[in-house]
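[1] need a structure here:
(one chain, ligands or ions: 1)
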Amino acid sequence: MAQASVTRRYRFCAAHRLHTDHLSPQENQAVFGKCNNPNGHGHNYVVLVTVKSTVPIANGGGVDLERLDRTVTDQVVRRFDHHDLNRDPKFADRTTTGENLVLLIWDLLVKCLPVGQLEKVGLIETRDNYFEYAGSMSQAPVLREGHHG
Ligand code: NI
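    The predicted model follows:
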């Protein structure tokens, strides 16, 4: 049976610096460019959370959007808004790329929502950079290093 999904939009502002201790200062500069600036920089992140009811609407299903809003606010917005992403414990050993951030947001949300409800997480970082992840409960996200401009 056809089942539509719903996407809600959330926002937070956060600072970060792309840097890894696995590389020398010169290599960091070469890989990350101006995003390796020691003073860091900020983004107005937009998070797009797509969910789908696990029970068909015809059978009384539907997504509890108030619960979704509460979950995203508690797990994501409060955690990151006006924070330095590099200081988040989850980023202690990985760079704060959009790829890694969207995976972390997925991780934070999937365990707090009804099983099977979360369909996709999108993350707009800059005008031209959009990241997304549509994983599954059984699929642990593979965190990797990357770079953005
Ligand atoms: Ni950046």
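[2] not counting sequence-adjacent ones, nearest residue to Gly122?
    Setting aside the residues directly before and after it, Gly122 is nearest to Leu48 in space (CB to CB, 6 or more residues apart in numbering), at 3.6 Å. For glycine as for every other residue, the C-beta is placed from the backbone atoms N, C-alpha and C.
[3] also Arg67?
    That would be Leu113: by CB to CB, 6+ apart, it lies 7.9 Å from Arg67.
[4] for the one you found, which three-state class applies?
    coil (DSSP: H, G, I helix; E, B strand; the rest coil).
[5] for Gln75, same thing?
    Of the three states, Gln75 takes helix under three-state DSSP.
[6] list the contacts of the residue nearest to it when sequence neighbours are not counted.
    Of all residues not flanking Gln75 in the chain, Leu108 sits nearest, at 4.4 Å (CB to CB, 6+ apart). Contacts for Leu108 (CB atoms under 8 Å, 6 or more residues apart in numbering) come out as Gln75, Val76, Arg79.
[7] next, format these as JSON lines and append pLDDT and neighbour count.
    Output for these, formatted as JSON lines (pLDDT from 0 to 100; neighbours: other CB atoms under 10 Å):
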{"residue": "Gln75", "pLDDT": "98", "neighbour count": "17"}
{"residue": "Val76", "pLDDT": "98", "neighbour count": "22"}
{"residue": "Arg79", "pLDDT": "98", "neighbour count": "17"}
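[8] out of the residues you listed, the closest to Ala92 would be?
    Within the contacts of Leu108, proximity to Ala92 (CB to CB) peaks at Arg79, which comes in at 14.6 Å.
[9] what about that closest one, distance to Thr71?
    12 Å (CB to CB, to the nearest Å).
[10] now Gly116
    Distance from Gly116 to Thr71, by CB to CB: 15 Å.
[11] between these two, who's got more neighbours?
    Counted by other CB atoms under 10 Å, Gly116 and Thr71 do not tie: Thr71 has more neighbours, with 19 against 14.
[12] ok, the residue nearest to Arg67 - how many residues close by?
    19.
[13] okay, it and His19: tell me how far apart.
    32 Å.
[14] element containing Val46, please.
    strand 41-51 (DSSP states H and E).
[15] in that strand, which residues are buried?
    His43, Tyr45, Val47, Leu48, Val49, Thr50, Val51 (16 or more other CB atoms under 10 Å).
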